[in-house]
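Chemist: next come a sequence and a model predicted from it.
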Amino acid sequence: MWNKRNEGDPRQAATAPPPSSPAATAAAPARTPDPPKSIAILGPSVVVKGDIRSEEDLTIEGEVTGLVEAIGYRLTIGPKGNLQTSGVKAREIIVMGKMKGSVEATEKVYIRRDAQLVGDVQTAGIVIEDGAYFKGGIDIRKGPPIKEA
């Protein structure tokens, strides 16, 4: 038998705004997905002798000898990565492998467990996990001055 309670009132469906009407669009704005971040990866079999300048996040799993710049982006030295450099500049630097050379990060440097970093560090913040090896100087930069009220 037909059950009126289970069907719902067809008059209520007619009063809802159609999906293409301005009222429906305002009630549920369409969300566009964020574009995926691009990441460049130098694999474990890659050997680079020369300077690298990247305009995207960069992960080094291989062996690199030379200057590395990823200004405004993240540089990651993977667990198998080995970087011998005269200098590194990036927004954020994560060391999980081996690195020898000076480091300049505008935001933060992370030296993960089992990582090795030999060189001076200039950054706004640094995290050195237990088990990491670090030898060098640390220069903590101040952020922008705080305005008094």
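Modeler: All right, it came through fine.
Chemist: pretty sure Tyr133 contacts Ala115?
Modeler: Yes - checked against C-beta atoms under 8 Å, the pair Tyr133 and Ala115 is within contact range at 7.1 Å. Any C-beta I mention is one placed from the backbone N, CA and C, and that applies to glycine too.
Chemist: settle it for me: which of these two has more neighbours?
Modeler: In this comparison of Tyr133 against Ala115, neighbours counted by other C-beta atoms under 10 Å, the higher total goes to Ala115 at 22 against 12.
Chemist: the more buried one contacts Val95, doesn't it?
Modeler: Yes - in terms of C-beta under 8 Å, Ala115 counts as a neighbour of Val95; the distance is 4.5 Å.
Chemist: anything in contact with each of the two?
Modeler: Between them, Ala115 and Val95 have 77, 132 as joint contacts when contacts are counted by C-beta atoms under 8 Å, 6 or more residues apart in numbering.
Chemist: okay, helices next: where are they in this structure?
Modeler: Residue ranges of the helices in the chain, as given by DSSP state H, are 4-7, 10-15, 22-27.
Chemist: contact partners for Pro44?
Modeler: With contact set as C-beta under 8 Å, 6+ apart, Pro44 has these partners: 61-62, 78, 80.
Chemist: name whatever forms a beta bridge with the residue nearest the centre of the chain.
Modeler: Here the mean C-alpha position of the chain is nearest to the C-alpha of Arg74 (C-alpha atoms, centre = their mean), at a distance of 5.3 Å. As for beta bridges, Arg74 partners with Glu92 under DSSP bridges.
Chemist: that one against Ser54, yeah?
Modeler: No - Arg74 lies out of contact with Ser54 (C-beta under 8 Å); the separation is 9.8 Å.
Chemist: which stretches of the protein have low pLDDT?
Modeler: The chain contains residues with pLDDT under 70 at 1-36, 143-149.
Chemist: rerun that using 50 as the cut-off
Modeler: 13-14, 24-25, 146 (pLDDT under 50).
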